[in-house]
Structures are given as C-alpha cells and as structure tokens.
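Q: Dropping a prediction and its sequence here:
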Amino acid sequence: ISLTAFQQKLAEKLTILNDRGIGMLTRIYNIKKACGDPKAKPSYLIDKNLESAVKFIVRKFPAIETRNNNQQLAQLQKEKSEILKNLALYYFTFPHSVDLSCSELDCMWYIRYIDLFLFSVLVGFILCHAALSSDAAALSLWKLALQSSSCLCLFRDEVFHIHKSAEDLFVNIRGYNKRVNDIRECKESALGSMHRERRKFLRSALKELATVLADQPGLLGPKALFVFMALSFARDEIIWLLRHADNIQKKSTDDFIDKHIAELIFYMEELRAHVRKYGPVMQRYYVQYLSGFDAVVLNELVQNLSVCPEDESIIMSSFVNTMTSLSVKQVEDGEVFDFRGLRLDWFRLQAYTSVSKASLGLADHRELGKMMNTIIFHTKMVDSLVEMLVETSDPLRTHEEHNRFLFPPPAGIRPAHSPSVCSCQTSYPPISNLICLSLCNMFLDEMAKQARNLITDICTEQCTLSDQLLPKHCAKTISQAVNKKSKKQTGKKGEPEREKPGVESMRKNRLLVTNLDKLHTALSELCFSINYVPNMMVWEHTFTPREYLTSHLEIRFTKSIVGMTMYNQATQEIAKPSELLTSVRAYMTVLQSIENYVQIDITRVFNNVLLQQTQHLDSHGEPTITSLYTNWYLETLLRQVSNGHIAYFPAMKAFVNLPTENELTFNAEEYSDISEMRSLSELLGPYGMKFLSESLMWHISSQVAELKKLVVDNVEVLTQMRTSFDKPDHMAALFKRLTSVDSVLKRMTIIGVILSFRSLAQEALRDVLSCHIPFLVSSVEDFKDHIPRETDMKVAMNVYELSSAAGLPCEIDPALVVALSSQKSGSPEEEYKIACLLMVFVAVSMPTLASNVMSQYSPAIEGHCNNIHCLAKAINQIAAALFTIHKGSIEDRLKEFLALASSSLLKIGQETDKSTTRNRESVYLLLDMIVQESPFLTMDLLESCFPYVLLRNAYHAVYKQSVSSSA
C-alpha cells in the first residue's frame, strides 16, 4: 500500500537526517583523526601481542571466519571483553552510518536533495562524463567550475582534489585526451589571481557597506540581504584561500598569501557588529514588512489559485494569519519571536506539492514559491539573526600557520582583527581546548608585541628629537654666531650647515610622509583592533587584549629606561641624569599619547615601572637605574674624590675635576651640579634617594669602624691627651707617640666628602619635592622646626626620619644613626669612651694639615683642594650620631673637641719651621667652618677658645695669597 505525501513525513525526516548526518560525519572524522595520530590511536591497534590478529582481520575483511582460525585470534579472545568495551564507540559509529545512508536513500525516492552547486557540478559531471562530449553548455559550466577551485572541502580539513581525481579517471578512458587537456588547462589557469582580485573587490565593497550602515543604520532593514550576501561571499573567499594555501602545491605562492586578509575579516566583523547592535531596528522593519506587505501578497496569491487541496489550504491560511497578527508593539515589548513552525510548514508544503500526482504542483506556481522563500527570509530577519550570522559568516578556522595572513605589514591596513580570529577556535571541538587557548594567547601576544615594537620605534624617534634640544648641542651654534659677529672665517668651504631642531616639522606638501608618520598610522590601526572589544570568551576563559598590550609596555618601558642609562661596567660610563630624564620624559609623552588610540590606564604603567625603578632590583630581579646610579656615584665618582682627582667646591655646590696627569674619562661637574642632582632626584624619587643615602651611610659606617680600630690602638695616649690639653709640653710628647694620624684625617675627610655629596642629593630632593608637593613639604618642615628640646629622643628621631625622607637637613642624621648603631659590639661604656677618644684623636691631629701643600684655602671655591673643608661636616654629623647612640651630650662633647682643636692649632702659631706651618691660616679657617656647620656650637664659644683676630687675619692672608697667585 503506497503512502501519501502527508503520511511519509518527508519534511520532518529530512530535517532530522540533515542534523544527524552532520553528527555522523563528525564521529567518522574524529575516528579518522584519532587513528591517524600515534598518540591518540587505540592501544589495541598497536599492541605487539595483537599485531598478527589485526593483520589477519585486515586481510580477510569483511569475510572473516572465526571458527577455523583460533590460532590467529587466540590472543584476541583473551582480551575480548576489554576490546568490546573500549572500542564500542568506534563500532557503533559504522552501523549508524549504514542506517543513516539507508534512511536517506529511502527519502530520496520521493524528493531530490540538491547540495552545493559547485560540488554538484564537479562531481556530477565526473560521474556523468558522457554529457561533457554531447552538451556544449555542460562542458562550459564544468570548465568554469574547474577554474574556480582546485580542491573541495568534504568535511572540516578533509579535502577532495578535483583536478587530480578527474585526470586520473579520464586518462584511462579512450578518446578522452581532449577532456584531460581541458582539466590540465583549467588547473594551470590563473585561479589564484582571479580570487585575489575578488577579495580586493570585496574589501572595498564591505568597507563602503560598513561605512554607509554605520552612518544610516536604518538601511539594515531594506539592505539586509546584501549584508548577508557580502558576509557569505567574504567567508567563502577566506575559506578558499586558507584551504588552497594548505593543500595545493604551488610554484608561486604569491597568489595564496594575502597580507590584506585581516582587513577583510575586520570589515566582516564590522558588519556582524552592526547586525547585532541594530537587531531591534531590523525586527521592527521586517515585522511591519511581514504584516503589511507579505501577508497581503500571499493572501492574493492563495486566492488566485485554481486548485488548492484542504491540507495545503490550511497551511497557507496559517501563514497569512501568523503574519497578519504581527505588530511593532511586540518588538517594543521585547517579545521573543519563533517562526520555526512556519518554516517547517513551508518545508512540508514543498514536500506535498513536489511529489508526482500532486493536486497543487509547486512547479506550476513559481510566484508562490518565490514569495514563500522571500517570506522565510523575512522571518529569519526577525527571530534568527544570530543563526543567520553563523550561517553566512561562521568564525573562520585558523591555525598557527595561518597567523601570517592576519598581521599586516607596518605600513599597514586596518588591523588583524582579534575577536573574530580568536573566537573561531570554539567552533572546532576536535582541537583541544588547551590548543585553542594557547593559539588565542599566542595571537593576542603577537598583536601586542607588534604594537609594542611600533611604540618603541616612535619613542626612539622622539628621544632623538628631544636630544637635539639639549644644551650641549648649542655650543656649535653659539660659536658660529660669535665668529660671524667677529667676521672670522671658520670651517671648510662647502661644509654643510647643521640642521636645527624642528626642521622635521616643515613640509613642502602633503604627499611628503616621514617614517614617524608611517609608524603612527600603523600604530593607530593596530591599536584600533586591540581596542575593538574589551573582553573575549574562548572555552570559558576570558581574554583581555588591552592587558596584553599593557604588560608588554611595562616590560619594554622597564628595559628602555635601564637601556637609556647606557651604563658600561667596563669603562664605567653612564648617561648624565639630565639627559636620561629628558629621554624618559619623551618616552612617557609618547606612552601617554597611546591613550588616544586604546583605552588603557597608562598611569598604572608609569606607577608600576617607575616605582620599581626606585628600588634596588625590579620585579624580575634585574638591576634598576637606582642601583646603577648608586653604584656609579659610589664606585666611580666618590672613589676618584678619595684618590685626589676630584674636589668638592662648596661655592659651586658641585664636584669638579682637578688637573692631574691621568685625565678622567668624565667631567665630575656634569654629574654632580645642582641641575644634575635635581634630575637624579626626579628619576629616583624619595625611595631611590633613600637607597642612595643608605648606601652612602654603609660606606661611612665602614670608615668609622676603621677609625675605631685606630682609636683602640692609641687608646692610652688619647686618654692622657684628653686630660692634658692645658699642658703644652706634655701634649707635644704624647702627640709624638700617636700612630696613624694621617690615616685618621684621611678617613674623616672621606666621610666628609660622602656627607657633602649626600647633602647635595638631599637639597636636590627637597627642591624637587617642593615643586611636586609644596604644601606637604612645608608641613613637614614646620613640624621639624618646632620640636621641643625636651622631646624624647625616639620621638625626635621619628620626626627626623620623616624630614630626611623629604630632603630636609636635620641636627642629627637618622640614616647615619641607623648605620652606626649596627656597630655596637662591646659594652656601652667602652663604646662611649671610644667615641669620645675618636673626637680627641681628630682634634689633636688637625695641626698636621698645615704642612700639606694641598691644604691651601681657595676663596674662589670656598674650600681646600684636598677636601679638608669637608671635615667640618664629618666632625659635626659623626659626633651627633655617635653621642645620640650612646646617649651622651652632643654639645658637651663638641665643646671638648673645640677646646682640644683650638689648643692644638694655637701651638702651631709658635712654630718656626715654615714647612710645618706653610698653610697655617688655611687650617685655622677649619674651626670657623666647624662652628658654622654645627647647630650645637656658637661663635661666642669659639671666641672663648680661639681669638677671633686670628680668624680675621687668616681670612685676610688667604685672600691676599689667592690674589697674588692668580696674578
């Protein structure tokens, strides 16, 4: 008994079978991939014990006799249950495939299913090749299809090489030489160039379409079909390129490598974004279209049908009623539309009207078919926009080797669009999620690296331009101006004139494009892509493209700052702080401009990087500019001061090179004057300057430790001298018994030099902080200046520590106190005694300075060339720190020191030996410097110990000597 079209349920069957067919293909594909991978292949297929059984089955398949072949299958029988359990999924896939094939063949008796046009043409004419010789139109169509593609996609990455298969078939058929030549001719045709031009056209077309829709989103309604056509065309071209780039052996690869593919993907994503954003606009349009036009036209077509059976009439009436009931209010209320039933009814109607002997033949009513297809499209615009986007522009498959297509050259086009590229990984379950995540991570990382490299190049250019504005480059210009004014001829004839800064900004015309312009253009396009979406979801993981760029900028900024110091450990060369600060500011200006391209918090980058640079090591354990400059100033500049090659000039507040036989490779003044120290404070900040101070104090503590050893060696003599300062003859005899007098003075001078350098650094820090945080600095200064004298020392030290961190000078240096406190080893009484005797040792040793030729005072520099003027700072601060630690009276101990020192210096006034008194007046001035430097001593106290007339005469003598020597 034959079934009617209604009973056969063709529409329902084909709907189910189509979905099931995709699932079966996926299962077969997964089995093929697993068995082709040695790591994923089932262990039973590679087990040595089962190798003979597997070979026997393969040889006899499918007719396998198991009764008489127990020997070959014996091992197989032992593991039968485990094999059945583990390979059940593999086994049931094949019977299910057979069932599916039979079911589809059963349905094909009633309705023909038409696959993709291109695939049908190529495969169909291979099977029915006789038509190629008899029908010219068929031959022309077949050639056109052959010229369009070299391989067809069967499933995912499984392809069918159509030219090779057709040629292998026809070459064995007599009389088909001409067909073979046609195949070879089509194979060698310029299909690559044709598709390249097609992609070029699509790029411009999609760009224009996206621009128009962005300006007039209301056009998405009437032009929706063109949007989805454009998306599908672009999708097909990209898949064609990727498929042929992987599977075709090419003599020339230029046609299969498209550096502009990223732009096409980007415009696809732009269109997709417009559709998603303005979906309600499209819904309103098509709801009105369905109810106001489609329903009316369909009703007229149904009314004009000459014959309309009851079942067909019921279906078409339901179409009209469903569309008529639609209203815009449903869209405004956010109602969810579902037209799947209507579309399935149309599928049923096609099945009913396509069978033989149908009362209503669809072929006889073409207008009805066209109208219904239009209505189906309109319904999808209302309830299936997302599905339409997936159908027409499903995210592309990309693998690691395809990323080369997605990054444009620096001259660049609109960017490698990360969202569509990375989200595509979720569309292919066979690729493990770890691989997808790693590919997505790699892609975003590569984008961030390219942006970082462009930013670095721009920063390099800007640093070069900023360097041209440094004062050191104006010397030649000033020299030329002076010579021109004096009409002196300098330089060779024809010598090119040096370009002045700013010439690069002068343009003769708009067509002149500099390298900086190209870098900015490429950067803006790449950043547009990074900034396109804030987050992406891949396999339940969230990726933030901007964070990739931020992390790369932090790493590169850190390396650039350290690199710009140009520190050379071998030659001990380093960039001047002012030059480094200029470069860093230029670098930061460029980084700040990145906020105009992409929404990242560049302030966070600055805080993370610059704060790390104020520490000894950064987060990666690498040296920072703080450690580099600290080491250079300690090991290079201050070491040369100790060696007598550099002197501290108080008048200039800088260290200056002294004329020596071996010239230094650097000019100390260019690294230690006020502007350089302020630049250093800007770079290192309070934390970095604190580390510098702590390093300086560590060196001072090591010198104090050595001084204490010298005191211990002379403790008996110093004890007697401390109580015999009013006995000149006895003091002279005791002084001769002292050892290492010069060493004591030299070490104290070194301490004074280090403290003088620290005072320069502290003063520079105070100036910098006063500019940045003036109100806070003034509050700290006011707090320090109003500490009551009776305040507990611990509380006072806390205030001093706060003040010192702000660069303010303190009566007692807290950093020095901390450094010297770590040296306490013996009993407190013994330590206190050694501290007192150290001051005695320094006081009684000062007269020996008068015999040194380099001890002459220079009014021009307000100091001595051998840096003994630094003794004033060393004596005051060492005394304050030591007697704070040992809880002694700082003022009393300094009074004792002043009495011993003045008594010792007065004795050299009675000396007749000129060699021992040649710079007596210059040494006298040290007493005045000590008192002026000390917050605990007064001039009245000095005058009670040392006549002021001697100081006045000493100043007069050194100034007179200075004038005579300069003349």
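A: Perfect, I can see it now. Numbering: from 1, shown residues only.
Q: Could you use CA atoms for every contact and neighbour count after this?
A: Fine.
Q: got the domain boundaries for this protein?
A: 117-189, 192-277, 284-384, 411-465+518-613, 639-653+663-785+797-966 (automatic domain parsing).
Q: Ile875: which element?
A: helix 871-885 (DSSP states H and E).
Q: closest one to Gln480 among the domains of the chain?
A: When the domains of the chain are compared by CA to CA, domain 411-465+518-613 sits nearest Gln480, at 21.8 Å.
Q: Average pLDDT for the closest one, rounded please.
A: Mean per-residue pLDDT for domain 411-465+518-613: 84.
Q: Give me the distance from it to the chain's centre.
A: 3 Å (CA atoms, centre = their mean, to the nearest Å).
Q: Likewise for stretch 851-864?
A: For stretch 851-864, the distance to the chain centre is 55 Å (CA atoms, centre = their mean).
Q: Now do the end-to-end distance for that stretch.
A: 14 Å (CA to CA, to the nearest Å).
Q: what about the stretch 251-400 of the chain, any weak spots by pLDDT?
A: 251-255, 395-400 (pLDDT under 70).
Q: What segments of it are helices?
A: Using DSSP state H, counting those that start in this stretch, the helices of the stretch 251-400 of the chain run over 261-277, 279-289, 295-303, 310-324, 328-332, 340-354, 366-383, 385-393.
Q: The stretch 801-950 of the chain now?
A: Counting by DSSP H, counting those that start in this stretch, the helices of the stretch 801-950 of the chain are 814-821, 828-845, 871-885, 890-908, 920-933, 939-945, 948-966.
Q: Output those as CSV; include the columns mean neighbour count, mean pLDDT and distance to Lys329.
A: Compiled in CSV, the helices of the stretch 801-950 of the chain are given as follows (neighbours: other CA atoms under 10 Å; pLDDT from 0 to 100; distance: least, CA to CA, whole Å):
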stretch, mean neighbour count, mean pLDDT, distance to Lys329
helix 814-821, 20, 92, 77
helix 828-845, 21, 91, 93
helix 871-885, 23, 93, 85
helix 890-908, 20, 89, 91
helix 920-933, 21, 91, 89
helix 939-945, 14, 89, 97
helix 948-966, 14, 86, 101
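Q: of those, which approaches Pro659 most closely?
A: It is, among the helices of the stretch 801-950 of the chain and with distance given as CA to CA, helix 948-966, at 16.1 Å.
Q: Secondary structure element for Ile600, which one?
A: Short version, using DSSP H and E: Ile600 is in no helix or strand.
Q: got the domains of the chain as TSV, with distance to Ala481 columns?
A: Shown next, in TSV, are the domains of the chain (distance: least, CA to CA, whole Å):
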stretch	distance to Ala481
domain 117-189	71
domain 192-277	53
domain 284-384	76
domain 411-465+518-613	23
domain 639-653+663-785+797-966	25
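Q: looking at those, which is closest to Thr624?
A: Per CA to CA, nearest to Thr624 of these: domain 411-465+518-613, 5.1 Å.
Q: Of the helices of the stretch 801-950 of the chain, which is nearest Ile625?
A: Of the helices of the stretch 801-950 of the chain, nearest to Ile625 by CA to CA is helix 814-821, at 21.6 Å.
Q: so the closest one versus helix 871-885, what angle?
A: 70 degrees (axes from the mean of the first three to the mean of the last three CA atoms, to 10 degrees).
Q: From the rest of the structure, what touches helix 814-821?
A: For helix 814-821, contacts defined as CA atoms under 8 Å, 6 or more residues apart in numbering pick out 693-694, 697-698, 701, 704, 797, 800-801, 804, 878, 881-882, 884-885.
Q: One more: stretch 215-233?
A: Residues contacting stretch 215-233 (CA under 8 Å, 6+ apart): 202, 206, 209, 213, 268, 271, 274-275, 278, 281-282, 285-286, 388-389, 392-393.
Q: Compare the helices of the stretch 251-400 of the chain and give me the one nearest Arg920.
A: Short answer: helix 261-277, nearest of the helices of the stretch 251-400 of the chain by CA to CA, at 83.8 Å.
Q: Please write out the alpha-carbon positions of the closest one in CSV.
A: Output in CSV follows, covering the C-alpha atoms of helix 261-277 (Å, rounded to 0.1, in the frame of the first residue of the first chain):
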residue,chain,number,x,y,z
ILE,A,261,43.1,39.2,4.6
ALA,A,262,42.9,40.8,8.1
GLU,A,263,41.2,43.9,6.6
LEU,A,264,38.5,41.6,5.0
ILE,A,265,38.0,39.8,8.3
PHE,A,266,37.7,43.2,10.1
TYR,A,267,35.0,44.5,7.7
MET,A,268,33.1,41.2,8.2
GLU,A,269,33.2,41.8,11.9
GLU,A,270,32.1,45.4,11.4
LEU,A,271,29.0,44.2,9.5
ARG,A,272,28.3,41.5,12.1
ALA,A,273,28.5,44.1,14.9
HIS,A,274,26.1,46.4,13.0
VAL,A,275,23.6,43.5,12.7
ARG,A,276,23.9,42.6,16.4
LYS,A,277,23.7,46.2,17.6
